[in-house]
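Engineer: Got a sequence here, can you build the structure:
(one chain, ligands or ions: 2)
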Amino acid sequence: MAAACLFCRIIAHEIPASIVYEDEALLAFNDINPQAPTHVLLVPKRHIETLNDLQAGDDQIVGELVRRAAAIAAERGISATGFRTVFNTNRDAGQTVFHIHLHLLGGRSLQWPPG
Ligand code: AMP
Ligand code: ZN
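Structural biologist: Ligands and ions are numbered 1, 2, ... in the order given. Reported below is the predicted structural model:
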């Protein structure tokens, strides 16, 4: 755990969050500033700053994040209508929290390309 990291502190239950799903390896919680009717963040419990820091040994957790996002989309009934999954990395993508997180967005029509 990185003591100064907001998402590590949410994972440690030191800061409250609206938790959607939790297991040994990952946590999913509602984004505090939702951009769509469904806006869930999925994070590995292990602190990884950006996608640039991924190692081969992280393949399993990345797969779990993506599969869990699809499962949450299914629970919300948006699998067929569609949803978006996004990892923002560093400044140009607007990453503000440096603990990797997969955004799951859906429940409305989303524009492409993003701004
Ligand atoms: P990013 O810009 O990709 O780094 O996304 C960070 C996301 O974290 C933003 O969508 C924020 O709204 C969200 N966020 C920031 N603080 C919290 C919090 N305490 N609980 C839940 N989501 C948060
Ligand atoms: Zn962290």
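
Engineer: in stretch 63-82, what counts as buried?
Structural biologist: 65, 68-69, 72-73, 76, 78 (16 or more other Cβ atoms under 10 Å). (Glycine included, C-beta is placed from N, CA and C.)

Engineer: Could you list the buried residues of stretch 16-23?
Structural biologist: Neighbour-count burial for stretch 16-23, counted by 16+ other Cβ under 10 Å, picks out 17, 20.

Engineer: Residues of the chain that sit close to ligand 1?
Structural biologist: Residues of the chain that fall close to ligand 1, judged by Cβ under 6 Å from any ligand atom: 6, 17, 29, 31-33, 41, 88, 94-97.

Engineer: now with 5 Å?
Structural biologist: 31-33, 88, 94-97 (Cβ under 5 Å from any ligand atom).

Engineer: Quick one, which of those are buried?
Structural biologist: When those are checked for burial by 16+ other Cβ under 10 Å, the buried set is 31, 88, 95.

Engineer: I'd like the distance between the first one and ligand 2.
Structural biologist: When distance is defined by Cβ to the ion, to the nearest Å, Asp31 is 16 Å away from ligand 2.

Engineer: Okay, now the sheet partners of the longest strand seen in the chain, with direction.
Structural biologist: Among all segments of the chain classified by DSSP state E, the strand with the greatest residue count is strand 38-44. Sheet pairing for strand 38-44, assigned by DSSP bridges, gives strand 26-30 (antiparallel), strand 102-106 (antiparallel).

Engineer: same question for that strand, mean pLDDT?
Structural biologist: Average pLDDT, strand 38-44: 98.

Engineer: what do you get for stretch 51-62?
Structural biologist: The predicted model assigns stretch 51-62 a mean pLDDT of 98.

Engineer: show me where the protein has helices.
Structural biologist: For the chain, the helices defined by DSSP state H cover 6-11, 59-75, 90-93.

Engineer: quick one: which of the ones you listed is nearest Glu49?
Structural biologist: Set against Glu49 and scored by Cβ to Cβ, the helices of the chain come closest in helix 90-93, at 9.6 Å.

Engineer: give me the number of residues near the nearest residue in space to Asp58 that is not next to it in sequence?
Structural biologist: Spatial nearest neighbour of Asp58, chain neighbours left out: Ile48 (6.7 Å); criterion: Cβ to Cβ, 6 or more residues apart in numbering. By the measure other Cβ atoms under 10 Å, the count of residues near Ile48 is 19.
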